[in-house]
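[1] Here is my input, please return the structure:
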Amino acid sequence: MQIPSLAEIKRELSYLNEKELREYIVDLSKFSRDNKAYLFFKLYGRDQPGLYVQMVQEDLELEFQNARGNHSYYAKKSAQKIRRKMNKLLKLSKEKTDQIEVLIFFCERMKEYGFLKHGNLVIDNLYKTQVAKIQKLIAGLHEDLQFDYEGRVEELE
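    Coordinates of the predicted model:
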């Protein structure tokens, strides 16, 4: 089965009326939890700008509380699991500031919950990679915003 390109899909969508579009969107949201979450943040994010960051932070905080960080092996596996979930959630927002906030939150919690105390190479590399992502995202921001985040990033390093 040959799947059409995005341009062809956009063209076909332009021919549909509002009711048909609404039905397709609802059907699409039923297929996966990710589609539903994306739709939720797009619809409610306009009225409540901090909603995305707040909900993602609550989700990650719950994951950190349930993580087993007392042994190096379990800490590594838990950190990788939380990072996978975070990366999945980061795809739902294209706002760089939201992504930076979530990444900084993740790194702060890694320190707070003692994941870095084990000296595990995988955990250390995972942490450094996230800090590098933060720095790369900050480099693309306006100078005023860069200054605001630089102090928080220095604490992470």
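[2] From Arg84, how far out is the residue most central in space within the chain?
    With distances taken as C-alpha atoms, centre = their mean, Leu90 lies nearest the centre of the chain, 2.0 Å away. Separation of Leu90 from Arg84 (C-beta to C-beta, to the nearest Å): 11 Å. The way it works is simple: take the backbone N, C-alpha and C, and place the C-beta from them, glycine included.
[3] list residues touching both of these two?
    Here Leu90 and Arg84 have no joint contacts, going by C-beta atoms under 8 Å, 6 or more residues apart in numbering.
[4] So Val53 sits against Asp98, correct?
    Yes - at 5.3 Å, Val53 and Asp98 qualify as touching, with contact defined as C-beta atoms under 8 Å.
[5] if you skip the residues just before and after it, what's nearest to the residue nearest to the centre of the chain?
    Nearest residue to Leu90, sequence neighbours excluded (C-beta to C-beta, 6 or more residues apart in numbering): Gln99, at 5.5 Å.
[6] same question, Asp59
    Using C-beta to C-beta, 6+ apart, the nearest residue to Asp59 is Leu89, at 6.8 Å.
[7] which SSE is that neighbour in?
    For Leu89, the element it lies in under DSSP states H and E is helix 72-90.
[8] Quick check: next helix or strand after that helix?
    That would be, after helix 72-90 and using DSSP H and E, helix 96-112.
[9] And the pLDDT at the closest residue to Gly114 other than its chain neighbours?
    Nearest residue to Gly114, sequence neighbours excluded (C-beta to C-beta, 6+ apart): Gly69, at 5.5 Å. Gly69 carries a pLDDT value of 76.
[10] Quick check on Gly69: phi, psi?
    For Gly69, the backbone dihedrals are phi -110, psi 10 (criterion: degrees, to the nearest 10).
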